[in-house]
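Participant: Whatever this is, show me its structure:
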Amino acid sequence: MAFMGIYRLVIYVLVVVLSVPVIGLNADLTHYTNMAHVTYSFETLGLLIAALSLLVFPLLIIVSQYRKNAFLVYIVYELALVCIMWILWVVAAALTIQKKNELLGVFDSCSVFSGLDSTAEQKCNEIVAVEGIEVVIFVLLLKYMLITFVWAVVIHLRTGNGQVWFQSVNELEGGIPLTHKTDIDGASSSVPMGTYSNTAPQMTGTYANNVGGTPAQAATY
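Facilitator: Here you go, the predicted model:
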């Protein structure tokens with residue numbers, strides 16, 4: 001597996017691994033707030049997008065390994081799907097940051113709750129942890145989208161073939177030409193075509209006289 005295939009696998013595995021603590025922390029926060037009969041949007045969306053990530057990214061990994069022609073892993077569709085997941089993670093992170101700012105106000109640390117309520121300080125630290133993980137995830141997805149998009153555009157421009165968008169990363173990786181196809185065509189057209197004759201050289205006249213024949217008996221080869 002070449003660089004882009006390994007990079008894609010690493011990003012997807014990291015997203016899956018980081019989604020697990022997001023589920024755990026948001027589940028604990030939801031349990032705590034439900035006791036007060038309150039549910040916050042950052043908790044709900046965090047649980048939803050983390051659970052969705054545990055489904056989508058393993059599916060992309062598995063399909064790309066066992067179904068080479070599956071449309072789901074074509075670059076154009078995969079980038080669209082990853083973009084949707086990225087947007088959801090951005091929204092989840094924004095809601096979490098907003099809630100953290102509401103809790104802390106002008107303070108910049110959860111230690112402000114240490115002298116008041118240890119449980120409140122713990123939940124505040126959990127919100128900060130969720131925020132950090134969500135930011136890391138959407139940054140990873142953004143970098144993957146940009147790198148993959150630029151990589152595909154470069155191949156598209158070098159080959160002049162729009163079908164690169166309808167191939168998977170693994171399929172496309174082994175087929176990058178060293179030169180532009182128009183350069184190859186130009187090089188081929190600049191080579192002069194030789195002119196070949198299907199007839200063998202003929203030996204007449206003088207050869208016939210030298211061997212004691214007549215012109216009518218000239219040997220032809």
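Participant: SS state for the spatially most central residue of the chain?
Facilitator: Among the residues of the chain, the one closest to the centroid is Thr148, at 4.4 Å (C-alpha atoms, centre = their mean). Under the three-state scheme (DSSP: H, G, I helix; E, B strand; the rest coil), Thr148 adopts helix.
Participant: That one reaches Val169, doesn't it?
Facilitator: Yes: between Thr148 and Val169 there is a contact at 6.9 Å, judged by C-beta atoms under 8 Å. (Glycine included, C-beta is placed from N, CA and C.)
Participant: any shared contact partners between these two?
Facilitator: Residues touching both Thr148 and Val169 (C-beta atoms under 8 Å, 6 or more residues apart in numbering) are Met4, Arg8, Ile75.
Participant: State the distance from the second one to Thr96.
Facilitator: This means Arg8. As judged by C-beta to C-beta, to the nearest Å, Arg8 and Thr96 stand 27 Å apart.
Participant: got any ranges where the chain has weak pLDDT?
Facilitator: 1, 106, 115, 117, 174-221 (pLDDT under 70).
Participant: got the domain boundaries for this protein?
Facilitator: Domain assignment for the chain by automatic domain parsing gives 3-173, 196-221.
Participant: out of those domains, deepest packed?
Facilitator: domain 3-173 (a mean of 17; mean count of other C-beta atoms under 10 Å).
Participant: could you pull out the helices for the protein?
Facilitator: Along the chain, the segments classed as helices by DSSP state H run 3-34, 41-66, 75-104, 118-159, 169-173, 181-190, 206-210.
Participant: Out of the ones you listed, the one nearest Cys110 is which?
Facilitator: helix 118-159 (3.6 Å; C-beta to C-beta).
Participant: other SSEs contacting that closest one?
Facilitator: helix 3-34, helix 41-66, helix 75-104, helix 169-173 (3 or more C-beta pairs under 8 Å, 6 or more residues apart in numbering; DSSP states H and E).
Participant: at 10 Å what do you get?
Facilitator: helix 3-34, helix 41-66, helix 75-104, helix 169-173, helix 181-190 (3 or more C-beta pairs under 10 Å, 6 or more residues apart in numbering; DSSP states H and E).
Participant: Surely Val136 touches Leu14?
Facilitator: Yes: with contacts counted by C-beta atoms under 10 Å, Val136 reaches Leu14, the gap being 8.4 Å.
Participant: wait, doesn't Leu18 sit right on Ala50?
Facilitator: Yes: Leu18 is in contact with Ala50 according to C-beta under 10 Å; the separation is 8.6 Å.
Participant: Which residues are in contact with each of the two?
Facilitator: Contact with both Leu18 and Ala50 is made by residues Ile133, Glu134, Ile137, according to C-beta atoms under 10 Å, 6 or more residues apart in numbering.
Participant: distance of the second one from Ala80?
Facilitator: Separation of Glu134 from Ala80 (C-beta to C-beta) stands at 21 Å.
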